[in-house]
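Peer 1: Give me a 3D structure for the following:
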Amino acid sequence: MDVTKAVISWLRENGVDAYVEVPRDRPNEFCVVQRTGGGKIGVKCSPTVAVDCWAATQIGANLFGNKVEQMLIDMPDGIDNVFTCEINSFYENPDPDTGSPRVSLFCVLQTND
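Peer 2: From the prediction side, this is the model:
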């Protein structure tokens, strides 16, 4: 299972513009999803995923991040082989290159790889 692809697909199915990198033509709100770690024991996998949520303002990024956070929590109900999604970090993280407002979420999934 490609967990990055699964998370991006889930977010897109639920109306969120989600990508593996910042798009050249940025939507007003969008997410960038990256697998940042996690391990595997047998067929069980616990990938860690970072989701950066971008918006025009910091308040907008926080609100958008809250929406995305709930979508991630709900993801196990909609994707086969994803059993849990635990958010273990949510913080304001403006882009250091552009100063663009964003929040970053980190979650740990339990999957059947």
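
Peer 1: Counting neighbours, what do you get for residue 9?
Peer 2: 15 (other C-beta atoms under 10 Å). In this view, the C-beta of every residue, glycine as well, is placed from N, C-alpha and C.

Peer 1: Which residues does stretch 40-52 contact?
Peer 2: Here stretch 40-52 makes contact (C-beta atoms under 8 Å, 6 or more residues apart in numbering) with 1, 3-4, 7, 31-39, 68, 72, 93, 102-113.

Peer 1: Work out for me the element residue 103 sits within.
Peer 2: Residue 103 belongs to strand 102-112 when elements are defined using DSSP states H and E.

Peer 1: So for that strand, what gets flagged as buried?
Peer 2: For strand 102-112, the buried set under the neighbour-count rule, 16 or more other C-beta atoms under 10 Å, comprises 102-111.

Peer 1: helices or strands next to that strand in the packing?
Peer 2: strand 30-41, strand 44-54, helix 58-74, strand 82-92 (3 or more C-beta pairs under 8 Å, 6 or more residues apart in numbering; DSSP states H and E).
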